[in-house]
Structure formats: structure tokens, C-alpha cells
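Visitor: 3D model of this:
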Amino acid sequence: MNYPIVIHKDKDSDYGVTVPDLPGCFSAGGTLDEAIAMAQEAIELHLEGLIEDGQVIPKPGRIEDYKGKREFKGGIWAVVSISPSSLRVEAKRINITMPRRILDAVDRFAEVENETRSGLLTKAATAYIDRRKPRSAQRSKSRQATKA
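Guide: Okay, the predicted model is just below:
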């Protein structure tokens, strides 16, 4: 997930960071590099809080969607990449069964991507669910309309 951030610098202050897609998520840093690094940590913590509260993770928008807004005028734009599998939420050990050829393919791909098997499977499941959510929601709305 690539979240756009906007960075502002006043004359006598650190670099302040706002995350337009995550209201209430702010950060700062003494340098641009530090501000971006701190923004990544702030976004991860914000997302973890949303997950723990059972809330939906907002999808990242595009810089083009925000740059014309008054509150972001004069800011420096950057994008912070967040891996869903890196979020520090409670992990649970599970036992699954899959064909050996699939497991071998997962392990080979994980090694090439410098991932763990668990990390890769988490990313794959998250991506699959994210792609399927809109269709599921549409089917649910269609069923509700049919019942009415």
C-alpha cells in the first residue's frame, strides 16, 4: 500500500507530515529523510490501531486527488510504502494443508522476494481479499435489493 504524504516546513520548525488518507495521522522529523521515516512508523501504528479496533483500513488515494486542496498548498509530496504483512498485530500459528507443488512454488517465490513463507502467504491472502471485497459488497447489496 502506497500512502501519499505531504510535508510542510515552517521557518523555525521541523518538517511536519500529514497523511491525507488517514485523518489524525501526523508525524514530524528534523530532516526530510527523517520526516519520511517517521511518517512510515506513524502510518503503521495508525493502521495497527484501526485493525485492533476492528475498523476498515482506508485505501491509499493519489497525490493528484489531494494536491489542489488548500490545506496541502506549498507542501512537498512523497509516497510511503506500507506492507500489510509488516504490521505488528498479533500473529497466530495455524496448521494448513496445501498441495506440495504449491508449497514449493510459494517457498521459491518467497526466497526470491526475500520474504518468509508466512509473510508471502499473508500478503497473498490480503491482496486476494482486498480484490474480492467490492464484488462481495455488491452481491450483498443486490441480495438486499432483491429481498425488498
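
Visitor: hmm, I82 and Q40 touching each other?
Guide: Yes. With contacts counted by C-beta atoms under 8 Å, Q40 reaches I82, the gap being 6.9 Å. In this view, the C-beta of every residue, glycine as well, is placed from N, C-alpha and C.

Visitor: how close does the nearest residue to P58 once chain neighbours are set aside get to V79?
Guide: Nearest residue to P58, sequence neighbours excluded (C-beta to C-beta, 6 or more residues apart in numbering): D21, at 5.0 Å. According to C-beta to C-beta, to the nearest Å, D21 stands 11 Å off from V79.

Visitor: domain-wise, how is this protein divided?
Guide: As recorded under automatic domain parsing, the domains making up the chain are 1-88, 91-148.

Visitor: and the helices in the chain, which stretches?
Guide: 32-52, 63-66, 100-112, 117-147 (DSSP state H).

Visitor: deepest of those helices, which one?
Guide: helix 32-52 (a mean of 17; mean count of other C-beta atoms under 10 Å).

Visitor: output that helix as PDB, nothing but the C-alphas.
Guide: The C-alpha trace of helix 32-52 is given here as PDB (Å, rounded to 0.1, in the frame of the first residue of the first chain):
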ATOM      1  CA  LEU A  32      13.200  15.300   5.100                       C
ATOM      2  CA  ASP A  33      14.500  11.800   5.300                       C
ATOM      3  CA  GLU A  34      13.700  11.600   9.000                       C
ATOM      4  CA  ALA A  35      10.200  13.000   8.400                       C
ATOM      5  CA  ILE A  36       9.500  10.400   5.800                       C
ATOM      6  CA  ALA A  37      10.900   7.600   8.000                       C
ATOM      7  CA  MET A  38       8.800   8.800  10.900                       C
ATOM      8  CA  ALA A  39       5.700   9.100   8.700                       C
ATOM      9  CA  GLN A  40       6.100   5.400   7.800                       C
ATOM     10  CA  GLU A  41       6.200   4.500  11.500                       C
ATOM     11  CA  ALA A  42       3.200   6.700  12.200                       C
ATOM     12  CA  ILE A  43       1.200   5.200   9.400                       C
ATOM     13  CA  GLU A  44       2.000   1.600  10.600                       C
ATOM     14  CA  LEU A  45       1.000   2.500  14.100                       C
ATOM     15  CA  HIS A  46      -2.200   4.200  12.900                       C
ATOM     16  CA  LEU A  47      -3.200   1.200  10.800                       C
ATOM     17  CA  GLU A  48      -2.400  -1.200  13.600                       C
ATOM     18  CA  GLY A  49      -4.800   0.800  15.800                       C
ATOM     19  CA  LEU A  50      -7.500   0.600  13.200                       C
ATOM     20  CA  ILE A  51      -7.100  -3.100  12.800                       C
ATOM     21  CA  GLU A  52      -7.100  -3.700  16.600                       C
END
